[in-house]
Every structure is written in structure tokens, then in C-alpha cells.
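Participant: Whatever this is, show me its structure:
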Amino acid sequence: MSTANHSYPLCFRFGVLTYSIVGPDAENFKINPTTGDITTAIEFNTEGKPTYYFNVTAKDLGGWQAVVQVQVRILK
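Facilitator: As a prediction, this is how the structure comes out:
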């Protein structure tokens, strides 16, 4: 579906990043903690909920982290 990545190198100066996903609709999505690849955990119904929200966190070994809100719209 998508890949989480970062574009601010000073924020992640302590090496390897790990990714996680949380939020009200997070159970409908999966994230690879190493690569940041985001996939769906369910098959979406175009007649169901039109918009899903969750947060993606990228954290390095030094404790630095960044959080972004993601909005997924299901198109009919």
C-alpha cells in the first residue's frame, strides 16, 4: 500500500529505525517494523467506512522519534 520513510536525517542519528502503527483504525493495517512498508490487514468494503486514521512512529536507538498522522480514504 505505502512505505513510511523519513526525510530529516538529523532526527535519526542513532542508526536503525523501527516503525510502529497506533491509533483508532490501526488494527486495519500492518506495518513492517524494519522497512516501514504499510499493508492492509482486512479487505475493505466500498460500502463501509470511507476514511481510516492512524499514526506511524519512526524511532531510532537513541530514543529520537517522529510521528505522522495517516489518513486513508476508500474510493468507490
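Participant: all helices of the protein, in order?
Facilitator: Here the chain has no helices by DSSP state H.
Participant: how far away is the nearest residue to Phe14 once chain neighbours are set aside from Val16?
Facilitator: Leaving aside its chain neighbours, Phe14 sits nearest to Gly62 (3.0 Å; criterion: C-beta to C-beta, 6 or more residues apart in numbering). C-beta: built from backbone N, CA, C; applies to glycine. Distance of Gly62 to Val16, given as C-beta to C-beta, to the nearest Å: 10 Å.
Participant: Which residue ranges of the chain form strands?
Facilitator: For the chain, applying DSSP state E gives strands covering 2-3, 18-22, 29-31, 37-40, 51-59, 65-73.
Participant: Make a markdown table from the ones you listed and add mean pLDDT and mean neighbour count to it.
Facilitator: Shown next, in a markdown table, are the strands of the chain (pLDDT from 0 to 100; neighbours: other C-beta atoms under 10 Å):
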| stretch | mean pLDDT | mean neighbour count |
| --- | --- | --- |
| strand 2-3 | 54 | 12 |
| strand 18-22 | 94 | 17 |
| strand 29-31 | 96 | 20 |
| strand 37-40 | 94 | 14 |
| strand 51-59 | 95 | 17 |
| strand 65-73 | 93 | 13 |
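Participant: Relative to its centre, which residue of this structure is most distant?
Facilitator: Within the chain, the residue lying farthest from the chain centre (C-alpha atoms, centre = their mean) is Glu47, at 24.1 Å.
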